[in-house]
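# The following block contains a protein sequence and its predicted model.
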Amino acid sequence: MGNESRIEALRKEINQHDYRYYVLNEPTIADVEYDALMKELESLEKAHPELVTPDSPTQRVSGEPAVGFEEYLHLRPMLSLDNSYSIDDLGDWVRRCGKLAGEEDLDYVAELKIDGLSLSLIYEGGQLQRAVTRGDGVRGEVVTGNARTIRSIPLRLADEEPLPAGTIEVRGEVYLPMAVFAQINAEREEQGLPLFANPRNAAAGTMRQLDPRIVAERRLEIFCYQVLLDGQPPFATHHESLEWMEQHGLRVNPTFARCRDLEELIDYCSRWNEGRDELPYEIDGVVVKVDQVRLQEMMGATARSPRWAIAYKYPARQASTRLLDVVYQVGRTGAVTPVAILEPVRLAGTIVSRASLHNRDEMERLGVLKGDWVFIEKSGEIIPQVLKVITDRRTGEETPFDFPADCPVCGVELIRPTGEVVSRCPSISCPAKIREGILHFSSRRAMRIDGLGEALVEQLTLPRQGVPLVSGIGDLYRLRERRPELLDLERMGAKSVDNLLDQIERSKEAGLARLIFGLGIRHVGERTAKILANHFRSMQRLMQAEPEELAGIYEIGEVVAAAVHAWFEAAENHALIGRLEGYGVRMVIDDDNGSSSGTVERVFEGRQFVVTGTLPTMKRDEAKSFIEQRGGRVMSSVSRKTDYVVAGEEAGSKLDRARELGIMVIDEAGLLKLGDPTQ
Ligand code: IVH
């Protein structure tokens, strides 16, 4: 291929990857591969400057702004970083910096490279005016409403000392903690929605939600890494900027370190490469920055990235291996999940032999065949994913998979409701569903019966002389009568049996929301269960609710309403509730019991509220104490300082004023949600 056509091919390929990465949030190649394409293009263009065109990907910072948001021209372009993948590359960069600095003082700051999306926060007079995504680096999307729901973004900068006059711009990385990511995906799986591939995609997808309430639910976080005053760094060194941000209520990652030379940088990089699995968020490397702003200015930037900073990328947690087989697992809701059985391969410090294929559609999209070589990736806490098939390595010996028509556990024909990606076993007596149902019921987020692990549930549900000890969650509360048989089970001594029975007894007080969640009703995740519990306050009332009443509750849609209603209509479920009630399981909510933990976090610290209109269930005083208990202040009139207006029916002029000032308006359910960080 001639240089010209290779350049063309590279540009086309890079543009496609940019689109998949920035617009669809669905990259199909690893960063290393992308960088290799970019490097090749850069060096070809360097050798043939006459072939450089203004629309070449080398001439801009990549990405396309998404639709649906107002655009905003960044005060200064949001550049990306050059990547280095080896200590040698990092060493080269450090030597270049040394040469440029000459006799001047040269230090570095090393920071973790958080895997999220960058956000620019504009503060005027100390108040958050605007939050803008990076977009294409020059123009971003205004997502202020969404940013305001992120609790670690201060709506006002701390100003014990007077703030400098001018526009303060803070840049940082918004990310999703891994635990929240795992939880969101578990809920999505339950609801038959496609899963997010990794926390970064989930965070990027969330920031592009047009409804800030969804963003609030997702519990994003931010780490700030840069501050600019009227477009310029306000201090002589970068570390002073970090300290200033810390002092003004901005969240800075505390792991940053000042380093004097390559040796100290290498030490930092390798320390965090080992420590990264213990972090509650994902990092993909380290960012090294020249500390002295004078030197940063001297070194300048290319069109894409500054010369005074570099990303040292950790080896990708990706690997290739052979797909030996697929097994089909049946979950609590009967959902059948295909799981890839792999030739064991080392990945991110563990040996991986299984990976999720999610569902039939995903298997078809990937086009996997038995015996294929596949590319797998580990991200977040979830099990590894199959990224793609390496078709070049096919030998012709590979054979197709048949997705089963019948339940692989009980043999009943699977159903796939229209519009859903999941095939399910409809049988209520499927042993796999019963087992998973009990595990869910006793899980930490539901009734919290700690002693009830997988191995024990397996034994309890296994038929013994034709009948299992437990054939549904109701039977758990009768286990006290079966003590002798429990003692017969493997690895069950008197102590563990008594412990288990105690835990089961204690679970009776877990509370209504946990119980509703534990029942495993389709579409009813933890949050929905809380909303239902708060609204109905007793199981009896919930059971009697008609679909219209359910659908009338804020944030309960028709699908959820229908699922809840159908669940309580079924005779066996009705009977189950009756049995649980008979065993003394708590089925009503009293006001102290509403939040499961007892102690409330001061999540509203520093925030001002105005309550107006008639709220659906809370009295004005209740709303006030709910806010105050959490550290917030309730004011009587709306001003620029108001953070939230809680509006009910007939809200009137205060609501108009809030809209005029662009203040976030929420309703009662929004207040409850904001106030309960476990939601
Ligand atoms: S500094 C000009 N610091 O990485 C300086 N970036 O690949 C540019 N990132 O767009 C950014 N953690 O979204 C910086 N501690 C950190 C970072 C960080 C994550 C992201 C940021 C940037 C991307 C570049």
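Everything's here; your move.
# now residue 262: how far from residue 99?
Note on residue 262: its distance to residue 99, by C-beta to C-beta, to the nearest Å, is 14 Å. Yep, even glycine has a C-beta here, placed from its N, CA and C like the rest.
# What of residue 399?
According to C-beta to C-beta, residue 399 and residue 99 sit 58 Å apart.
# same deal with residue 397?
Distance, residue 397 to residue 99, by C-beta to C-beta: 55 Å.
# ditto for residue 220
Note on residue 220: its distance to residue 99, by C-beta to C-beta, is 41 Å.
# Please confirm that residue 255 is located within a strand.
No - per DSSP: H, G, I helix; E, B strand; the rest coil, residue 255 lies outside any strand segment and is coil.
# I figured it was touching residue 272, is that so?
Yes - applying C-beta atoms under 8 Å, one finds residue 255 in contact with residue 272, separated by 7.1 Å.
# and the residue in the stretch 101-250 of the chain positioned nearest to the ligand, bridged to which residues?
Ranked by C-beta to the nearest ligand atom, the top residue of the stretch 101-250 of the chain for proximity to the ligand is residue 118, at 3.2 Å. In this structure, residue 118 bridges to residue 173 when assessed by DSSP bridges.
# Report the contact partners of residue 237.
Contact analysis of residue 237 by C-beta atoms under 8 Å, 6 or more residues apart in numbering lists 107, 291, 292, 293.
# any idea how far the ligand is from the last one?
Between residue 293 and the ligand the distance is 12 Å, computed by C-beta to the nearest ligand atom, to the nearest Å.
# so that residue makes contact with residue 235?
Yes - using C-beta under 8 Å, residue 293 makes contact with residue 235 at a distance of 6.8 Å.
# Look at the two and report which has more neighbours.
When residue 293 and residue 235 are compared for neighbours, residue 293 comes out ahead with 18 against 14, by other C-beta atoms under 10 Å.
# For the more buried one, which non-adjacent residue is spatially closest?
Spatial nearest neighbour of residue 293, excluding adjacent residues (C-beta to C-beta, 6 or more residues apart in numbering): residue 233 at 4.7 Å.
# starting at the chain centroid, how far to the host helix or strand of residue 288?
In this structure, residue 288 sits in strand 283-290 according to DSSP states H and E. On the basis of C-alpha atoms, centre = their mean, to the nearest Å, strand 283-290 sits 22 Å off its chain's mean C-alpha point.
# And the next helix or strand past that strand?
With elements assigned by DSSP H and E, the helix or strand that comes after strand 283-290 is helix 293-299.
# Give the other helices and strands that that following helix contacts.
On a contact count with 3 or more C-beta pairs under 8 Å, 6 or more residues apart in numbering; DSSP states H and E, helix 293-299 meets helix 87-101, strand 283-290.
# Highest mean neighbour count out of the ones you listed?
strand 283-290 (a mean of 23; mean count of other C-beta atoms under 10 Å).
# can you list contacts of it?
Contacting residues not belonging to strand 283-290 are listed as 31, 81, 83, 90, 93, 97, 106-115, 225, 238, 259, 265, 268-269, 272, 276, 296, 299, 308-314 [C-beta under 8 Å, 6+ apart].
# In its sheet, which strands sit next to that strand, and in what direction?
Its sheet considered, strand 283-290 pairs with strand 108-114 (antiparallel), strand 309-313 (antiparallel) by DSSP bridges.
# Tell me which residues are up against the longest one.
This points to strand 108-114. With contacts defined as C-beta under 8 Å, 6+ apart, strand 108-114 is touched by 94, 97, 173, 175, 223, 225, 238-239, 242, 253, 255-260, 264-265, 268-269, 272, 279, 281-291, 311-313.
# anything in contact with each of residue 293 and residue 235?
With C-beta under 8 Å, 6+ apart, residue 293 and residue 235 have no common neighbours.
# which bits of the protein sit near the ligand?
Within the chain, the residues that sit near the ligand (C-beta under 6 Å from any ligand atom) are 79-81, 111, 113-114, 118, 173, 225, 287, 306, 309, 311.
# make it 8 Å
Within the chain, the positions near the ligand by C-beta under 8 Å from any ligand atom are 78-81, 83, 111-118, 134, 171, 173, 223, 225-226, 253, 256, 283, 287, 289, 301, 305-306, 309, 311.
# Now the residue of the stretch 401-550 of the chain found nearest the ligand: which helix or strand?
Using C-beta to the nearest ligand atom, the closest approach of the stretch 401-550 of the chain to the ligand is made by residue 527 at 29.3 Å. Element membership for residue 527, per DSSP H and E: helix 526-536.
# what is the mean pLDDT for that helix?
In this model, helix 526-536 has a mean pLDDT of 88.
# in that helix, what counts as buried?
Neighbour counts over helix 526-536 (16 or more other C-beta atoms under 10 Å) mark 526, 527, 528, 529, 530, 531, 532, 533, 534, 535, 536 as buried.
# Would you map the helices across the stretch 301-450 of the chain?
Using DSSP state H, counting those that start in this stretch, the helices of the stretch 301-450 of the chain run over 360-366, 431-441.
# out of those, which comes closest to residue 576?
Closest of those to residue 576 is helix 431-441, at 10.6 Å (criterion: C-beta to C-beta).
# Which of the strands paired with strand 283-290 sits closest to residue 471?
Smallest distance to residue 471 across these (C-beta to C-beta): 47.5 Å, for strand 108-114.
# Run through the residues that contact the residue nearest to residue 358 when sequence neighbours are not counted.
Of all residues not flanking residue 358 in the chain, residue 195 sits nearest, at 6.2 Å (C-beta to C-beta, 6+ apart). By C-beta under 8 Å, 6+ apart, the contact set of residue 195 is 185, 188, 189, 358, 382.
# and the residue of the stretch 301-450 of the chain nearest the ligand?
Nearest to the ligand, among the residues of the stretch 301-450 of the chain, is residue 306, at 4.6 Å (C-beta to the nearest ligand atom).
# Help me confirm that residue 535 comes into contact with residue 552.
No - counting by C-beta under 8 Å, residue 535 does not reach residue 552; the two are 9.7 Å apart.
# Then residue 168 would be within a strand, right?
Yes - counting by three-state DSSP, residue 168 falls inside a strand.
# Near the residue nearest to it when sequence neighbours are not counted, how many other residues are there?
Take residue 168 and drop its neighbours on the chain: the residue closest to it by C-beta to C-beta, 6+ apart is residue 123, 4.3 Å away. Residues lying near residue 123 (other C-beta under 10 Å) number 22.
# What residues are bridge-paired with residue 123?
Applying DSSP bridges to residue 123 gives these bridge partners: residue 128, residue 168.
# Quick one: residues contacting the nearest residue to residue 163 once chain neighbours are set aside.
Leaving aside its sequence neighbours, residue 163 sits nearest to residue 126 (C-beta to C-beta, 6+ apart; 5.1 Å). If you count contacts by C-beta under 8 Å, 6+ apart, residue 126 has them with 156, 157, 159, 163, 168.
# Backbone dihedrals for residue 126, both of them.
The phi and psi values for residue 126, taken as degrees, to the nearest 10, are phi 80, psi -10.
# gap between it and residue 165?
Distance, residue 126 to residue 165, using C-beta to C-beta: 11 Å.
# what does residue 661 give?
Residue 661 is 23 Å from residue 165, by C-beta to C-beta.
# Then residue 350?
Using C-beta to C-beta, residue 350 is found at 53 Å from residue 165.
# Show me which of the two is the more surrounded one.
Neighbour count, other C-beta under 10 Å: between residue 350 and residue 165, residue 350 has more, with 12 against 9.
# partners of that one in the sheet?
For residue 350, the beta-bridge partners are residue 347 (DSSP bridges).
# Does residue 7 touch residue 46 like I think?
No - Residue 7 is beyond contact range of residue 46, at 11.3 Å (criterion: C-beta under 8 Å).
# Please say which of these two ends up with more neighbours.
A direct count of neighbours by other C-beta under 10 Å for residue 7 and residue 46 places residue 7 higher, at 21 against 10.
# Thank you kindly, that will do.
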